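J.: Sequence plus the predicted model coming up.
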Amino acid sequence: MLDIKFIRENPNLVKDNIKKKFQDHKLILVDEVLDLDTKNREIKLKGDDLRSLRNSLSSEIGTLMKEGKTKEAEAIKTKVSLINKDLSHNEELEIQYAASIKEIMMKLPNIIHDSVPIGKDDSQNIEVEKFGDPFCPDFEIPYHTDIFDSFSGIDLEAARRVSGNGFYYLLGDMARLHSAIISYARDFMINKGFTYCVPPFMIRSDVVNGVMSFEEMDAMMYKIEGEDLYLIGTSEHSMIGKFKEQILQKNNLPYTMTSYSPCFRKEKGAHGIEERGIYRIHQFEKQEMIVVCEPEDSYMWYDKMWSYTVELFRSLDIPVRTLECCSGDLADLKSKSVDVEAWSPRQKKYFEVGSCSNLTDAQSRRLGIRIKGEKGNYFAHTLNNTVVAPPRMLIAFLENNYNKDGSVRIPKVLQPYMGGIELLIPNK
């Protein structure tokens with residue numbers, strides 16, 4: 001959410017930002033919010049004048065009563081009564097204007113960073129850098145569910161009977177590999193100095209509104225019927241929510257945290273053949289990282305965070321690349337974002353396995369996360385990044401460590417989490 005003072009002083013910049021995000025239908029909102037802001041300030045000024053006049057008259061009543069001038073005092077009391085009615089109406093207008101202003105402000109996108117490429121959708125995202133050499137073996141790599149099945153490691157049919165489409169059972173070595181990757185990612189981030197956390201898996205609506213736009217919420221979140229609770233789509237939501245309405249001490253910054261959680265998503269819309277199986281599902285597990293920091297440090301942390309994900313994937317022998325998200329592909333609260341994509345030797349292309357975002361002070365303004373400063377409090381910056389998100393990570397791992405005979409290599413760093421196993425042998 002933007003600062004109303006910033007919009008007041010930079011209306012054209014805000015409109016240009018909206019155009020860069022190809023959201024021209026929101027241009028009218030800038031004029032609407034400025035009009036409401038003018039009316040709100042006029043009402044507030046009128047309220048201050050009314051309160052000042054009431055205080056002056058109340059003081060005069062006391063003086064008249066002491067002097068025994070009851071009749072005059074009663075006449076002024078009548079005036080005070082009328083002022084109170086006027087003030088009550090004025091305060092109602094203040095509340096209405098404030099609510100309308102907030103409603104519009106929640107729809108305006110965050111100011112994107114100057115370096116963000118301008119583009120309408122994800123087809124115009126720009127490759128930044130490749131890490132590791134993408135390869136295609138001289139043998140065919142099966143579809144990922146077929147690899148799982150060769151290890152008796154997946155049961156989609158039973159999951160459909162129990163929960164419907166978009167769910168799965170992982171079994172045996174595949175379930176163990178899934179847990180091993182999560183555990184390795186957890187320790188990897190702890191060794192980077194991040195504090196490990198297991199957060200709540202449900203959050204209230206005020207936190208949902210604080211961490212994401214309504215459009216994202218509608219497309220992603222599952223609502224708990226009859227309660228003010230939503231299942232999290234990512235642990236970033238509850239991790240950032242942890243700091244809601246807090247005034248942070250400068251000497252405690254930055255807060256660097258890594259969290260484990262299951263994630264639940266509606267995943268609306270139809271998807272292609274490569275997204276069947278367990279590529280796009282309603283429930284998965286993830287290791288996440290978040291940072292809450294000083295505004296001037298946020299882009300330094302941004303570069304560190306995505307580089308940690310790249311480093312982790314490379315330690316598991318998976319080639320990756322980074323992709324700069326263009327303006328039209330940025331969610332409204334994001335100022336800058338980069339996707340990390342893993343190489344698929346079966347598809348002979350990269351696919352998304354994580355995303356790193358700097359939201360500057362957009363979430364902090366919505367949630368009231370401030371830093372105590374010497375000359376007044378100011379809003380913190382927040383960032384988030386995927387460490388790993390099985391089962392997509394499993395797809396990348398299996399394809400890049402798959403052998404011609406159907407076995408799967410276990411990289412050295414992961415072997416301690418797999419009981420020392422160096423090679424997984426299929427049983428089918």
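T.: It's in.
J.: And the residue nearest to Phe264 when sequence neighbours are not counted, how far from Leu424?
T.: What sits nearest to Phe264 in space, not counting adjacent residues and going by Cβ to Cβ, 6 or more residues apart in numbering, is Leu231, at 4.0 Å. C-betas here are computed from N, CA, C, even on glycine. Shown here: Leu231 relative to Leu424, a distance of 32 Å by Cβ to Cβ, to the nearest Å.
J.: and the residue nearest to Phe264, what does it touch?
T.: Neighbouring residues of Leu231 by Cβ atoms under 8 Å, 6 or more residues apart in numbering: 201-202, 221-222, 224, 264.
J.: quick one: which two of those are the most distant?
T.: Maximum pairwise distance among these (Cβ to Cβ): 12.4 Å, between Phe201 and Met221.
J.: These two: which has the busier surroundings?
T.: Met221 (19 against 15; other Cβ atoms under 10 Å).
J.: I'd guessed that one sits against Gly233; true?
T.: Yes: at 5.9 Å, Met221 counts as touching Gly233 under the criterion of Cβ atoms under 8 Å.
J.: Sketch out the low-pLDDT regions of the stretch 151-300 of the chain for me.
T.: 268-276 (pLDDT under 70).
J.: and if we set it to 50?
T.: Low-confidence segments of the stretch 151-300 of the chain (pLDDT under 50): 270-274.
J.: Identify the bridge partners of Arg321.
T.: Partner residues in beta bridges with Arg321, using DSSP bridges, are Lys130, Glu341.
J.: next structured bit after the longest helix seen in the chain?
T.: In terms of residue count, the longest helix belonging to the chain (DSSP state H) is helix 27-66. Going down the chain from helix 27-66, the next helix or strand is helix 70-105, by DSSP states H and E.
J.: before we move on, back to that, export the contacts of Leu231 to TSV and append columns for secondary structure and distance to Cys326.
T.: TSV is the format used below for the contacts of Leu231 (DSSP: H, G, I helix; E, B strand; the rest coil; distance: Cβ to Cβ, whole Å):
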residue	secondary structure	distance to Cys326
Phe201	coil	32
Met202	strand	33
Met221	coil	25
Tyr222	strand	29
Ile224	coil	35
Phe264	strand	28
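J.: Can you tell me which of these lies closest to Glu42?
T.: Met221 (38.1 Å).
J.: check contacts around the closest one.
T.: Taking Cβ under 8 Å, 6+ apart, one finds 208, 230-231, 233, 265-266 in contact with Met221.
J.: Test my guess that Trp198 contacts Pro262.
T.: Careful, residue 198 is Val; it's not Trp. No: applying Cβ under 8 Å, one finds Val198 not in contact with Pro262, separated by 10.5 Å.
J.: so who does the nearest residue to Phe194 once chain neighbours are set aside touch?
T.: Spatial nearest neighbour of Phe194, chain neighbours left out: Thr258 (4.1 Å); criterion: Cβ to Cβ, 6+ apart. Neighbour list for Thr258: 186, 189-190, 194-197, 287-289, 387 [criterion: Cβ under 8 Å, 6+ apart].
J.: Which ones among those residues lie within strands?
T.: Residues of the contacts of Thr258 located in strands (DSSP state E): 195-197, 287-289, 387.
J.: Please list only the buried members of these.
T.: With burial judged by 16 or more other Cβ atoms under 10 Å, the buried subset of the ones in strands among the contacts of Thr258 is 197, 287-289, 387.
J.: sorry, back to before: turn the contacts of Met221 into CSV, columns for distance to Ile28.
T.: Output for those, formatted as CSV (distance: Cβ to Cβ, whole Å):
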residue, distance to Ile28
Val208, 26
Tyr230, 30
Leu231, 34
Gly233, 30
Arg265, 32
Lys266, 29
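J.: Just the buried ones from the residues you listed, in ChimeraX syntax?
T.: Buried subset of the contacts of Met221, written as a ChimeraX selection, criterion 16+ other Cβ under 10 Å:
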select :208,230,231,233,265
